[in-house]
Every structure is written in C-alpha cells, then in structure tokens.
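Trainee: Here is my input, please return the structure:
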Amino acid sequence: MNNIYKTILINRELNRKMLAVLLDPDQCRGSVLSSTIAALKSNTPDFVFVGGSHTVTSNDSFIELLKDEVKTSVVLFPGNASQFSSHADALLYLSLLSGRNAEFLIGQHLTSAIAIKKSNIEVIPTGYLLIDGGKPSSVEYISNTRPIPRDKKEIALSTAVAGELLGMRIVYLEAGSGANIPVPAEMIEYVSAGLSLPLIVGGGIKTIEQLLDAFDAGADLVVVGNVFEDQPGKIAEFVAATKVYGVDEEIE
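Mentor: A predicted model of the protein is given here:
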C-alpha cells in the first residue's frame, strides 16, 4: 500500500524530478490512442494520469488497456466521482481548495467514499489549486469557481499551506487543461519554498523549456497532456528531458 506516494517522497528527497503524461479517455481514442500507447511503450514516464473535467468514456476499460500495454503506474486524476475506477493503481483524492464550491471541496467525495475505501486503491489526498492560465478553463466552468490570479502568489501559498494543515499529502497547482500559459515560475517557487509537501504542477506546458522552468522553480512532478493529443511522438522528448534533469549536478 502507498507505494506510489512513497515513490514520490523518495524521488523528492533525492531531487529526482518526475513526469506524468495525462490522458483524457474522451480525447485519446482510435489512432491517437494507438500512437500514444506506442510512444509510452518506448518512452515510459514516471506515471500516467487518467481523467478529464468532463469525461464520459468509461475509465475502466481505458485503464485496463493501459495497464496491459504500458509498464508504469496509472493514477486517477478525476474530474468528478463518476470517473472513479478501482482498476487504477492510485487515486488523487482532489479537494478544490482554491474555490468556494462545497461540491468540489467535499460533495463529490461523499458519493464515492465507500466504494473507494472498499476497493483498497491507494488514495493520495491532494489539495488542488486552480491558477489563471490565460483563458477560461474546463475546470473553472464545470466547478463554477474562479482561479487564483497569476500575480497572487501569497494567496496560492496560504491556500496550499491550509491544505497541508488539513492533512493533504500533495499540492497540485493547475493552470487548466489547454491553458494558454502555464503556472508562473515565480508562483511555483514561492509555494514550493513555503510548503513541506510534494508539489505537482500542470496545465499549459507545451515545450521542454516550460517543463524545465517548472522543475527549476521547485515542481517535483510536472503533468503534461494536451500537447501529446496532437503529437504523441513528443512524449519521448519530455521523458528524456525529465530523466537527464539534474544529472550534471549529481555527477559533480
């Protein structure tokens, strides 16, 4: 139990950065799915996250296929309780701390809590903070909450620390799927410096430079998704960049 969270903690202690490839079952279908699986087989990231703000395709069959084909941990990143699947290796149990909508702070949790506990899936309580990504996101629309402004790093840190004190085990800064711009490096650095928990950053990351900027600023795990829907072959570049990050410093 808790093997995935322990892996994250160990890698964080060793300053080994991690990459998660995010797949939305509704978008990853047909030839895109075939190309993505082929890319993941050749260039395996630390994790594959599965989920979306408005996923209607069954997660069960999608996750079963991934686990048969790809040798890495599959982690649920659900948009709501209906996306739960006991076939995943772990679940990011998200509370949307940046919003004030009780439905995504605790409401959705009530409808799935018993099934999750009975499944024995590894559960990772996660403080989820939506950050302005330059345009309205699906998360913002579905959750009916406003993102934290990009220049309000103090609010982001206070929210993250509140999550830590409430017992969250990870904090996730999210600019939103398909964001025009990723979470600012200044905000990542500020939150990372004031937080004792592992920090995940995602949304709007489309280039290796943006990936490395997030790592440099203090992200322990970076999530990349939309860019791979059109160009699955880019997975190789992101996996390679993550694996060599910090190698020169280790050698020295």
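
Trainee: So R150 is in contact with D132, correct?
Mentor: Yes: counting by Cβ atoms under 8 Å, R150 touches D132, with 4.9 Å between them. Using the backbone N, CA and C atoms, a C-beta is placed for each residue, glycine as well.

Trainee: higher neighbour count, those two?
Mentor: Neighbour count, other Cβ atoms under 10 Å: between R150 and D132, D132 has more, with 22 against 17.

Trainee: Surely F49 is in contact with V21?
Mentor: Yes: the pair F49 and V21 qualifies as a contact (Cβ under 8 Å) at a distance of 7.1 Å.

Trainee: what residues are shared contacts of those two?
Mentor: V223, G225 (Cβ atoms under 8 Å, 6 or more residues apart in numbering).

Trainee: F49 in helix, strand or coil?
Mentor: Three-state call for F49 (DSSP: H, G, I helix; E, B strand; the rest coil): strand.

Trainee: Next one: it from E13, what distance?
Mentor: 22 Å (Cβ to Cβ, to the nearest Å).

Trainee: out of the two, which sits in the busier spot?
Mentor: F49 (25 against 10).

Trainee: what's near enough to touch that one?
Mentor: A20, V21, L22, L23, V75, L76, F77, L92, V223, G225.

Trainee: same thing but 10 Å
Mentor: Counting by Cβ atoms under 10 Å, 6 or more residues apart in numbering, F49 touches 20-24, 73-78, 88, 90, 92, 200, 202, 221, 223-225.

Trainee: So what sits opposite it in the bridge?
Mentor: L22, V75 (DSSP bridges).

Trainee: Can we start the residue count at 335 from this point?
Mentor: Yes, from this point I'll number from 335; that puts the last item at F383.

Trainee: What does the pLDDT read for it?
Mentor: On the pLDDT scale, F383 is placed at 97.

Trainee: and it, how far is that from L356?
Mentor: From F383 to L356 the distance is 4 Å (Cβ to Cβ).

Trainee: Quick check: neighbours shared by the two?
Mentor: Common neighbours of F383 and L356 (Cβ under 10 Å, 6+ apart) are V409, F411, G536, V557, V558, G559.

Trainee: What helix or strand is the fourth one located in?
Mentor: If I follow you right, that is V557. strand 555-558 (DSSP states H and E).

Trainee: for that strand, packing partners?
Mentor: Under the contact criterion of 3 or more Cβ pairs under 10 Å, 6 or more residues apart in numbering; DSSP states H and E, strand 555-558 touches helix 337-347, strand 352-357, strand 381-384, strand 504-508, strand 533-536, helix 542-551, helix 569-578.
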